[in-house]
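Visitor: one predicted model, sequence on top.
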Amino acid sequence: MTALTDRPVRLQVASTPAHLAVVRAAAEAACRLVGFDARCTTEVVLSVGEALANIVRHAYGGAGDGPIEIELSTVEGPAGDGLRVRLRDCGRGVEPRRLRRRDPSALRAGGRGVHIMRQCMDVVDYQQAEGGGTVLTMFKRLPTGREGPRP
Amino acid sequence: MKRTPDESPVRAVRWTGRQAVVEVHGDVDVGLSAQFQQALLDVLNGRPQRVVVDLAAVPYMDSSGVASLVKLLSRARRQGAEVRLAALTDHVRGIFEITRLETVFDIRTTVEEAMR
(Lines give C-alpha, C1' and ligand atoms only; values in the text may rest on other atoms or scores of the structure.)
Protein backbone atom coordinates (compact mmCIF):
# COMPACT_ATOMS: atom_id res chain seq x y z
CA MET A 1 0.00 0.00 0.00
CA THR A 2 2.65 2.51 1.03
CA ALA A 3 6.28 2.43 2.00
CA LEU A 4 5.16 2.43 5.63
CA THR A 5 3.16 -0.76 5.19
CA ASP A 6 5.90 -2.91 3.79
CA ARG A 7 8.55 -1.42 5.97
CA PRO A 8 7.37 0.14 9.21
CA VAL A 9 9.40 3.01 10.56
CA ARG A 10 11.24 1.93 13.69
CA LEU A 11 12.99 4.25 16.08
CA GLN A 12 14.91 3.55 19.24
CA VAL A 13 15.40 6.46 21.60
CA ALA A 14 16.22 7.07 25.24
CA SER A 15 13.77 8.38 27.82
CA THR A 16 15.39 11.80 27.79
CA PRO A 17 13.09 14.68 26.89
CA ALA A 18 15.57 15.79 24.21
CA HIS A 19 14.68 12.69 22.19
CA LEU A 20 10.93 13.15 22.41
CA ALA A 21 10.80 15.95 19.87
CA VAL A 22 12.49 13.66 17.34
CA VAL A 23 9.79 11.03 17.76
CA ARG A 24 7.01 13.62 17.53
CA ALA A 25 8.52 14.90 14.29
CA ALA A 26 8.63 11.35 12.91
CA ALA A 27 4.99 10.81 13.85
CA GLU A 28 4.04 14.06 12.14
CA ALA A 29 5.89 13.02 8.98
CA ALA A 30 4.18 9.60 9.04
CA CYS A 31 0.79 11.32 9.28
CA ARG A 32 1.57 13.29 6.14
CA LEU A 33 2.57 10.09 4.32
CA VAL A 34 -0.60 8.33 5.38
CA GLY A 35 -2.72 11.27 4.28
CA PHE A 36 -4.11 12.66 7.53
CA ASP A 37 -5.33 16.24 7.49
CA ALA A 38 -3.95 18.89 9.84
CA ARG A 39 -6.45 18.18 12.60
CA CYS A 40 -5.85 14.42 12.63
CA THR A 41 -2.11 15.02 12.48
CA THR A 42 -2.34 17.23 15.56
CA GLU A 43 -4.29 14.50 17.34
CA VAL A 44 -1.69 11.85 16.54
CA VAL A 45 1.25 14.08 17.49
CA LEU A 46 -0.39 15.04 20.78
CA SER A 47 -1.15 11.39 21.57
CA VAL A 48 2.38 10.23 20.81
CA GLY A 49 3.73 13.11 22.89
CA GLU A 50 1.54 12.18 25.86
CA ALA A 51 2.48 8.52 25.58
CA LEU A 52 6.17 9.40 25.59
CA ALA A 53 5.76 11.83 28.48
CA ASN A 54 4.05 9.08 30.49
CA ILE A 55 6.91 6.70 29.77
CA VAL A 56 9.51 9.26 30.85
CA ARG A 57 7.60 10.23 34.01
CA HIS A 58 6.02 7.01 35.14
CA ALA A 59 7.72 4.00 33.51
CA TYR A 60 11.24 5.36 34.06
CA GLY A 61 10.57 7.79 36.91
CA GLY A 62 12.39 10.62 35.16
CA ALA A 63 15.57 8.64 34.43
CA GLY A 64 16.91 9.69 31.04
CA ASP A 65 18.52 6.44 29.93
CA GLY A 66 15.55 4.08 29.60
CA PRO A 67 15.11 2.55 26.15
CA ILE A 68 11.94 3.30 24.16
CA GLU A 69 11.16 1.58 20.87
CA ILE A 70 8.66 3.16 18.50
CA GLU A 71 7.09 1.61 15.44
CA LEU A 72 4.97 3.56 12.98
CA SER A 73 3.09 1.55 10.39
CA THR A 74 0.07 1.74 8.17
CA VAL A 75 -2.59 -0.88 8.71
CA GLU A 76 -5.32 -2.08 6.36
CA GLY A 77 -8.24 -3.90 7.83
CA PRO A 78 -12.00 -4.35 8.02
CA ALA A 79 -12.16 -1.64 10.65
CA GLY A 80 -10.55 0.75 8.19
CA ASP A 81 -7.13 1.83 7.09
CA GLY A 82 -4.99 3.97 9.29
CA LEU A 83 -1.82 4.57 11.21
CA ARG A 84 -0.65 2.31 14.02
CA VAL A 85 1.84 3.54 16.61
CA ARG A 86 3.49 1.10 18.98
CA LEU A 87 5.62 2.21 21.89
CA ARG A 88 7.55 -0.25 23.98
CA ASP A 89 9.36 0.54 27.18
CA CYS A 90 11.18 -1.61 29.71
CA GLY A 91 10.16 0.35 32.79
CA ARG A 92 7.56 -0.01 35.50
CA GLY A 93 4.21 -1.27 34.29
CA VAL A 94 1.11 0.87 33.96
CA GLU A 95 -1.21 0.95 36.96
CA PRO A 96 -4.82 0.48 35.82
CA ARG A 97 -6.07 3.12 38.26
CA ARG A 98 -4.05 5.71 36.36
CA LEU A 99 -6.18 5.08 33.29
CA ARG A 100 -9.42 6.37 34.77
CA ARG A 101 -11.42 8.88 32.81
CA ARG A 102 -11.49 12.24 34.54
CA ASP A 103 -12.86 15.61 33.54
CA PRO A 104 -9.97 17.19 31.61
CA SER A 105 -11.34 20.71 31.94
CA ALA A 106 -11.33 20.70 35.75
CA LEU A 107 -8.88 23.20 37.23
CA ARG A 108 -6.45 20.69 38.64
CA ALA A 109 -2.88 20.30 37.61
CA GLY A 110 -2.47 16.91 35.97
CA GLY A 111 -4.07 13.72 34.71
CA ARG A 112 -5.00 14.77 31.17
CA GLY A 113 -2.57 12.61 29.20
CA VAL A 114 -4.66 9.45 28.99
CA HIS A 115 -7.78 11.49 28.23
CA ILE A 116 -5.99 13.09 25.30
CA MET A 117 -4.88 9.72 23.89
CA ARG A 118 -8.35 8.21 24.22
CA GLN A 119 -10.01 11.26 22.77
CA CYS A 120 -7.70 11.44 19.77
CA MET A 121 -7.04 7.81 18.84
CA ASP A 122 -9.46 5.02 17.86
CA VAL A 123 -7.53 2.40 19.79
CA VAL A 124 -5.42 2.84 22.93
CA ASP A 125 -4.29 -0.49 24.32
CA TYR A 126 -1.77 -1.13 27.08
CA GLN A 127 -0.27 -4.60 27.41
CA GLN A 128 2.46 -5.96 29.59
CA ALA A 129 5.48 -6.74 27.44
CA GLU A 130 7.24 -10.05 27.52
CA GLY A 131 10.34 -9.66 29.62
CA GLY A 132 8.95 -6.64 31.47
CA GLY A 133 7.78 -3.19 30.57
CA THR A 134 4.76 -2.14 28.58
CA VAL A 135 3.64 -2.10 24.97
CA LEU A 136 1.22 0.67 24.10
CA THR A 137 -0.58 0.26 20.79
CA MET A 138 -2.51 3.18 19.37
CA PHE A 139 -4.38 3.26 16.08
CA LYS A 140 -6.01 6.09 14.22
CA ARG A 141 -8.29 5.42 11.30
CA LEU A 142 -8.22 7.54 8.20
CA PRO A 143 -11.47 9.51 8.06
CA THR A 144 -14.03 7.76 5.84
CA GLY A 145 -14.34 9.17 2.39
CA ARG A 146 -10.60 9.49 2.09
CA GLU A 147 -8.92 7.58 -0.66
CA GLY A 148 -6.43 6.07 1.70
CA PRO A 149 -2.71 6.32 1.95
CA ARG A 150 -0.82 7.78 -0.92
CA PRO A 151 1.03 5.21 -3.03
CA MET B 1 12.77 43.59 30.24
CA LYS B 2 13.53 40.81 32.66
CA ARG B 3 15.29 37.76 31.26
CA THR B 4 14.92 34.35 32.79
CA PRO B 5 17.55 31.57 32.59
CA ASP B 6 18.19 30.20 29.12
CA GLU B 7 16.79 26.76 29.85
CA SER B 8 13.37 28.17 30.69
CA PRO B 9 10.81 28.25 27.89
CA VAL B 10 9.89 31.70 29.20
CA ARG B 11 12.25 33.95 27.29
CA ALA B 12 11.11 37.29 28.62
CA VAL B 13 8.48 39.05 30.70
CA ARG B 14 7.50 42.54 29.52
CA TRP B 15 5.67 44.74 31.96
CA THR B 16 3.39 47.59 30.90
CA GLY B 17 1.99 49.10 34.05
CA ARG B 18 0.42 46.18 35.90
CA GLN B 19 0.09 44.04 32.79
CA ALA B 20 2.73 41.37 32.18
CA VAL B 21 3.30 39.80 28.76
CA VAL B 22 5.09 36.47 29.09
CA GLU B 23 6.98 35.43 25.95
CA VAL B 24 7.29 31.66 25.63
CA HIS B 25 9.59 30.00 23.13
CA GLY B 26 9.99 26.45 21.83
CA ASP B 27 8.35 23.14 22.68
CA VAL B 28 6.97 22.96 26.23
CA ASP B 29 6.98 19.31 27.18
CA VAL B 30 7.71 17.08 30.14
CA GLY B 31 11.37 18.11 30.09
CA LEU B 32 10.67 21.81 30.63
CA SER B 33 7.33 21.99 32.38
CA ALA B 34 8.82 22.45 35.86
CA GLN B 35 10.85 25.49 34.74
CA PHE B 36 7.83 26.75 32.80
CA GLN B 37 5.56 26.55 35.81
CA GLN B 38 8.07 28.23 38.10
CA ALA B 39 8.62 31.08 35.65
CA LEU B 40 4.86 31.60 35.28
CA LEU B 41 4.26 31.65 39.01
CA ASP B 42 7.17 34.05 39.52
CA VAL B 43 5.32 36.55 37.35
CA LEU B 44 2.51 36.63 39.91
CA ASN B 45 4.98 37.87 42.53
CA GLY B 46 4.92 41.20 40.66
CA ARG B 47 1.17 41.46 41.50
CA PRO B 48 -0.05 41.95 37.91
CA GLN B 49 -3.66 42.82 37.13
CA ARG B 50 -3.37 40.80 33.95
CA VAL B 51 -0.95 38.19 32.60
CA VAL B 52 -0.84 37.68 28.82
CA VAL B 53 0.94 34.48 27.80
CA ASP B 54 2.30 34.84 24.26
CA LEU B 55 2.39 31.36 22.72
CA ALA B 56 3.13 32.36 19.12
CA ALA B 57 6.58 30.72 19.23
CA VAL B 58 5.43 27.45 20.85
CA PRO B 59 4.99 24.75 18.18
CA TYR B 60 4.08 22.03 20.69
CA MET B 61 2.87 21.78 24.27
CA ASP B 62 1.99 18.61 26.14
CA SER B 63 -0.38 18.16 29.06
CA SER B 64 2.38 19.00 31.56
CA GLY B 65 2.69 22.44 29.96
CA VAL B 66 -1.09 22.80 30.01
CA ALA B 67 -1.03 21.86 33.70
CA SER B 68 1.41 24.70 34.35
CA LEU B 69 -0.98 27.16 32.69
CA VAL B 70 -3.87 25.76 34.73
CA LYS B 71 -1.84 26.36 37.87
CA LEU B 72 -1.13 29.93 36.76
CA LEU B 73 -4.82 30.55 36.10
CA SER B 74 -5.89 29.06 39.39
CA ARG B 75 -3.35 31.05 41.41
CA ALA B 76 -3.96 34.27 39.47
CA ARG B 77 -7.69 34.07 40.11
CA ARG B 78 -7.03 33.72 43.82
CA GLN B 79 -5.14 36.99 43.84
CA GLY B 80 -7.65 38.75 41.59
CA ALA B 81 -5.58 38.74 38.42
CA GLU B 82 -6.69 37.89 34.90
CA VAL B 83 -4.90 35.47 32.53
CA ARG B 84 -5.14 35.58 28.75
CA LEU B 85 -3.47 33.24 26.29
CA ALA B 86 -2.53 34.64 22.90
CA ALA B 87 -1.49 33.48 19.42
CA LEU B 88 -1.84 29.72 19.84
CA THR B 89 -0.27 27.56 17.13
CA ASP B 90 -2.19 24.60 15.66
CA HIS B 91 -0.95 21.82 17.97
CA VAL B 92 -1.30 24.03 21.05
CA ARG B 93 -4.82 25.08 20.09
CA GLY B 94 -5.57 21.40 19.54
CA ILE B 95 -4.62 20.35 23.06
CA PHE B 96 -6.80 23.11 24.55
CA GLU B 97 -9.77 22.01 22.45
CA ILE B 98 -9.32 18.31 23.19
CA THR B 99 -9.11 18.95 26.93
CA ARG B 100 -12.04 21.40 26.65
CA LEU B 101 -9.90 24.03 28.37
CA GLU B 102 -10.50 26.50 25.55
CA THR B 103 -13.73 27.37 27.36
CA VAL B 104 -11.92 27.84 30.67
CA PHE B 105 -9.13 30.08 29.41
CA ASP B 106 -9.56 33.49 27.79
CA ILE B 107 -7.84 32.83 24.45
CA ARG B 108 -7.11 35.68 22.02
CA THR B 109 -5.89 35.60 18.45
CA THR B 110 -3.03 38.07 18.91
CA VAL B 111 -1.00 39.52 21.74
CA GLU B 112 -2.19 43.00 20.78
CA GLU B 113 -5.80 41.91 21.14
CA ALA B 114 -5.05 40.23 24.48
CA MET B 115 -3.49 43.44 25.81
CA ARG B 116 -6.51 45.62 25.03
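Guide: Everything's here; your move.
Visitor: just for chain A, where's the confidence low?
Guide: A:1-3, A:5-6, A:94-110, A:145-151 (pLDDT under 70).
Visitor: show me which residues of it sit near chain B.
Guide: Neighbours of chain B within chain A, by C-beta under 8 Å from any C-beta of the partner chain: A:16-18, A:20-21, A:24, A:38-39, A:42-43, A:45-46, A:49-50, A:52-53, A:56-57, A:104-105, A:107-110, A:112-113, A:115-116, A:119-120. Heads up, the C-betas are built off the backbone N, CA and C, glycines and all.
Visitor: which ones among those lie within helices?
Guide: Of the positions in the residues of chain A next to chain B, A:17-18, A:20-21, A:24, A:38-39, A:42-43, A:45-46, A:49-50, A:52-53, A:113, A:115-116, A:119-120 sit in helices, assigned by DSSP state H.
Visitor: filter the residues you listed down to the buried ones, PyMOL style.
Guide: Buried members of these, defined by 16 or more other C-beta atoms under 10 Å in any protein chain shown, are picked up in PyMOL with:
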select buried, chain A and resi 17+20+21+24+42+43+45+46+49+50+52+53+113+115+116+119+120
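Visitor: most proximal residue of chain A with respect to chain B?
Guide: A:Pro17 (2.4 Å; C-beta to the nearest C-beta).
Visitor: test my guess that that residue contacts B:Ala34.
Guide: No. In terms of C-beta atoms under 8 Å, A:Pro17 does not count as a neighbour of B:Ala34; the distance is 10.9 Å.
Visitor: and A:Gln127, what are its bridge partners?
Guide: Beta bridges link A:Gln127 to A:Val135 when assigned by DSSP bridges.
Visitor: hey, where'd the strands end up in the chain?
Guide: I went with chain A, as the question did not name one. Secondary structure of chain A (DSSP state E): strands at A:9-14, A:67-75, A:82-89, A:123-128, A:134-141.
Visitor: not quite, go with chain B.
Guide: Using DSSP E, strands in chain B cover B:2-3, B:10-16, B:19-25, B:50-57, B:82-86, B:106-108.
Visitor: next, name the residue at the spatial heart of chain A.
Guide: The residue lying closest to the centre of chain A (C-alpha atoms, centre = their mean) is A:Val48, at 3.6 Å.
Visitor: most neighbours per residue, which of the strands of chain A?
Guide: strand A:82-89 (a mean of 22; mean count of other C-beta atoms under 10 Å in any protein chain shown).
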